[in-house]
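# next input, structure requested:
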Amino acid sequence: MPTGRNQQLQDIVKRLRGRLWQQGLMFENCVADTGYSSGENYAFLEQRGLKSFIPPHGTYKGGPDNFIYNENEDHYLCPKGKVIPFTKVFLDSRTETKKKEYRARKHVCVGCPIREQCLGRSAQEKKFSVTYYRDEYERNIARVNSPRGRYMKGKRQSTVEPVFGTLTQFMGLRKINTLGLKQANKVMHLSAMAYNLKKYLKFTQKRSKSGAELLALTAFVKSAFQHLFSACVKYRKPAFNF
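So this is what the prediction gives:
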């Protein structure tokens with residue numbers, strides 16, 4: 001199963017797709033940083049017809065160095081041309097992720113000139129494992145490294161990441177001092193609204209042609225904050241009971 005931050009991606013995608021659909025918008029591409037990388041996520045997105053542009057973890061490998069994968073036969077060829085066949089699917093107890101094991105029989109490695117270099121001193125046959133979602137990883141990597149993928153990376157870095165930088169560096173969101181997910185969710189919504197209002201003010205002030213427009217904008221922002229504050233007060237629970 002996915003662990004850490006990437007565990008949230010599938011729930012986010014499901015909810016976001018529903019919201020976009022209500023607005024008549026199509027969801028085609030999923031752009032995220034490496035923290036959301038996992039084979040499970042890549043497969044999840046492909047099953048829903050979404051293209052992932054998520055850089056993989058640096059630890060990902062499609063097999064041992066200098067081994068060639070044969071997709072049709074689902075086996076690897078070692079540097080000396082020997083076949084290392086697929087043997088089983090298993091669940092890695094350390095990472096809790098599905099993997100595929102490939103293992104050669106003992107006689108395959110007997111007399112090989114690079115046996116000690118390849119196997120080490122104690123192993124009798126070549127054995128290794130790769131992620132169960134190797135194909136999904138490879139397709140995602142091809143998209144990430146394509147011109148389209150570089151464009152998507154630039155859009156992510158210029159639109160999404162600056163928001164989190166502003167919230168954490170200038171708006172006090174290095175940590176949230178509330179109890180429970182519901183309260184934390186309120187803090188994030190309020191912070192997002194404050195960020196958007198600030199950005200909207202900056203955008204419109206550059207294009208204001210008269211004092212009347214600026215006055216109307218100020219009145220709108222003031223009204224919005226008043227409604228927001230009254231809503232917060234209405235649903236706030238008293239801290240003390242007398």
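
# quick one: contacts for the closest residue to Gly39 other than its chain neighbours?
With sequence-adjacent residues excluded and distances taken as CB to CB, 6 or more residues apart in numbering, Gly39 is closest to Tyr133, at 2.7 Å. In short, each C-beta sits where N, CA and C put it, glycine included. With CB atoms under 8 Å, 6 or more residues apart in numbering as the criterion, the residues that contact Tyr133 are 39-40, 42-43, 98.

# among the residues you listed, which two are most distant?
Between all members of the contacts of Tyr133, the longest pairwise span (CB to CB) is found for Tyr42 and Lys98 and amounts to 12.5 Å.

# so those two - more neighbours on which side?
Tyr42 (25 against 16; other CB atoms under 10 Å).

# how about the contacts made by the more buried one?
Tyr42 is in contact with 52, 54, 133, 136-137, 139-140, counting by CB under 8 Å, 6+ apart.

# farthest-separated two in the residues you listed?
It's Ile54 and Tyr133 that sit farthest apart of the contacts of Tyr42, by CB to CB, at 12.5 Å.

# quick check on Lys98: phi, psi?
Taking degrees, to the nearest 10, you get phi -70, psi 140 for the backbone angles of Lys98.

# Phe44 and Met171: what is the separation?
Look at Phe44 and Met171: by CB to CB, to the nearest Å, they are 32 Å apart.

# can you check Asn140 too?
Relative to Met171, Asn140 is positioned 33 Å away (CB to CB).

# the two: which has the busier surroundings?
More neighbours sit around Asn140 than around the other of Asn140 and Met171, counting by other CB under 10 Å; the figures are 27 against 12.

# pull the contacting residues for the more buried one.
Counting by CB under 8 Å, 6+ apart, Asn140 makes contact with 42, 52-54, 56.

# follow-up on the earlier one: make a PyMOL selection of the buried ones in the contacts of Tyr42.
With 16 or more other CB atoms under 10 Å as the burial test, the buried ones among the contacts of Tyr42 are selected in PyMOL as follows:
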select buried, resi 52+54+133+136+137+140
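
# let's see which of the contacts of Tyr42 end up in helices.
Residues of the contacts of Tyr42 located in helices (DSSP state H): 136-137, 139-140.

# okay, those residues in JSON lines with distance to Asp33 and pLDDT next?
Compiled in JSON lines, those are given as follows (distance: CB to CB, whole Å; pLDDT from 0 to 100):
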{"residue": "Glu136", "distance to Asp33": "18", "pLDDT": "95"}
{"residue": "Tyr137", "distance to Asp33": "16", "pLDDT": "95"}
{"residue": "Arg139", "distance to Asp33": "19", "pLDDT": "95"}
{"residue": "Asn140", "distance to Asp33": "13", "pLDDT": "96"}
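
# does Gln124 really touch Lys106, like I thought?
Yes: checked against CB atoms under 8 Å, the pair Gln124 and Lys106 is within contact range at 5.2 Å.

# next step: the contacts of Tyr133 restricted to helices.
Within the contacts of Tyr133, residues falling in helices by DSSP H are 39-40, 42-43.

# rewinding a little: which of the contacts of Asn140 scores worst on pLDDT?
Lowest pLDDT within the contacts of Asn140 is found at Pro56 (92).

# three-state assignment of it?
Per DSSP: H, G, I helix; E, B strand; the rest coil, the secondary structure class of Pro56 is coil.

# which residues touch it?
34, 37, 137, 140-141, 144.

# bridged to the closest residue to Pro64 other than its chain neighbours, which residues?
The shortest distance from Pro64 to any non-neighbouring residue, by CB to CB, 6+ apart, is to Phe128 (5.6 Å). Beta bridges link Phe128 to Tyr102 when assigned by DSSP bridges.
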